Each structure stands twice: as C-alpha cells, then as structure tokens.
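Novice: I need the structure of the sequence given here:
(2 chains)
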Amino acid sequence: MSIQQFIDNEVKSNDVVLFMKGTPQFPQCGFSGQVVQILDHLGVAYKGINVLESDEIREGIKAYAQWPTIPQLYVKGEFVGGCDIIREMFQAGELQQVMQDKGVVGKTHA
Amino acid sequence: MPMDANEIERLIKSRIPDANVTIRDLAGDGDHYAATVIAESFRGKSRVQQHQLVYEALKGQMGGALHALALQTGIPSS
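Specialist: Next comes the predicted model:
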C-alpha cells in the first residue's frame, strides 16, 4: 500500500481524524495542541495520527491535502482545515455546525 | 533562515493583487508571524481555498523558511 493509499484509507474509514505532532494525550506542538483542546471541548471522538513517527506520513499528508502545515483535521473524509481555520470556525460556532451536519455528535454540550 | 515581513507581503500580493495584507511579527524574531489577508477575489471561496491561495503565493516557503505564519483570511466588509 502506498503512503497516499494509507492516508486515504485512514481519512475515509474514521469519522474524525487529526494528523498532528505528538498524540492527543501528549501534543508536541502548540498548534496541534490547540486543535486537540478544541476537539476535546466538543467531546467528539477522533483518531490522532502522530506524524512525528513517520517522515513518510509527515510529507505524504502535506501532498494529500496540498496543505503545507500540520495539524490537519479531516471530518468524514473531507479536509476541514489547519489550526487557524479550526480555531476561527470553533470561535464562530461553525465547527460545531460542521460536526452536526456531518452526523458527528459530541458527548456533551447542548 | 527567517523571512522579512515585506517579502511575505510582496509574495502574497504578487499572487493575489487585490489583497490587503497586514503582517505582525509576533515574537520579534522574524520567524513567527501573523498575517491577515483580505481580498475581494476570495469571495465565493471556502476558507481552505483562501488559505491555499496564500500558501501558493508563498511558494513553498511555508513550513520551510517560514516556520510559523498564523493566517486569517476574509473578504472586505463592503
């Protein structure tokens, strides 16, 4: 399986996927950490993929989305954004809407 | 190598001529910037597409010479 196939498979077989530096429990970059906090606050389940464990994934994910930076958040197979966009959307209440529209529901928060 | 704020603005404007660009050097080290890019030509584009245009303008410097650029994009509010 090529790296692009691997990434595509991860993105399509998980509802919410975050490609990040470090893990959700231990983010190793402030930008990745911010997105983790937002997702945790929303209470949605997600899979974190640590790009620091593989240069192939780290470079491959940039090509996959034509997006030069990490973190990258995918919801139901679609690239939603990096740290700045996610934070902006969250503050505007749009991220919550996207999750709802795509049928990804948080555990709490009405 | 750090990048000059003027150079960042020049690159963005060369790709998005109608852009209104504001750049702040967050740490004073020429390496951590926040940029706001407002352009009429962004209208109808998603945030991801708007950011992709800016990244394209920076010609691969993003993530390389340019370590951290917090980016905010938008369209002019009439």
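Novice: neighbours of residue 29, how many?
Specialist: Here I'm looking at chain A. Using other Cβ atoms under 10 Å in any protein chain shown, A:C29 has 17 other residues around it. Bear in mind the C-beta positions are built from the backbone N, C-alpha and C, glycine included.
Novice: the intended chain is chain B.
Specialist: Counted with other Cβ under 10 Å, B:D29 comes out at 10.
Novice: dihedrals phi and psi, it?
Specialist: Backbone dihedrals for B:D29, given as degrees, to the nearest 10, come out at phi -110, psi 10.
Novice: check the one 4 residues further on too.
Specialist: When read as degrees, to the nearest 10, the backbone of B:Y33 gives phi -120, psi 160.
Novice: quick check: it touching B:L66?
Specialist: Yes: B:Y33 lies in contact with B:L66 (Cβ atoms under 8 Å); the separation is 7.4 Å.
Novice: between the two, who's got more neighbours?
Specialist: Counting neighbours by other Cβ under 10 Å for B:Y33 and for B:L66 shows that B:L66 has the greater number, 24 against 21.
Novice: report the beta-bridge partners for that one.
Specialist: B:M62 (DSSP bridges).
Novice: what pLDDT is listed against it?
Specialist: In the predicted model, B:L66 carries a pLDDT score of 76.
Novice: contacting residues around it?
Specialist: B:L66 makes contacts with B:3, B:8, B:31, B:33, B:58, as judged by Cβ atoms under 8 Å, 6 or more residues apart in numbering or on different chains.
Novice: show me what from chain B comes close to chain A.
Specialist: Residues of chain B found near chain A (Cβ under 8 Å from any Cβ of the partner chain) are B:47-48, B:51-52, B:55, B:60, B:62-63, B:68, B:70-72.
Novice: now, of the residues you listed, which are buried?
Specialist: Those of those that meet the buried threshold are B:47-48, B:51-52, B:55, B:62-63, B:68, B:71-72, by 16 or more other Cβ atoms under 10 Å in any protein chain shown.
Novice: and A:T23, how far from A:D55?
Specialist: 17 Å (Cβ to Cβ, to the nearest Å).
Novice: these two: which has the busier surroundings?
Specialist: Ranked by neighbour count (other Cβ under 10 Å), A:T23 and A:D55 place A:T23 first, with 15 against 10.
Novice: among the contacts of B:L66, which two are most distant?
Specialist: Farthest pair in the contacts of B:L66 (Cβ to Cβ) is B:D31 and B:L58. Separation: 14.2 Å.
Novice: who has more neighbours, the two?
Specialist: Taking neighbours as other Cβ under 10 Å, B:D31 and B:L58 compare with B:L58 leading, 22 against 16.
Novice: in three-state terms, label the residue in chain A positioned nearest to chain B for me.
Specialist: At 4.2 Å from chain B, A:P68 is the closest residue in chain A, using Cβ to the nearest Cβ. Three-state call for A:P68 (DSSP: H, G, I helix; E, B strand; the rest coil): coil.
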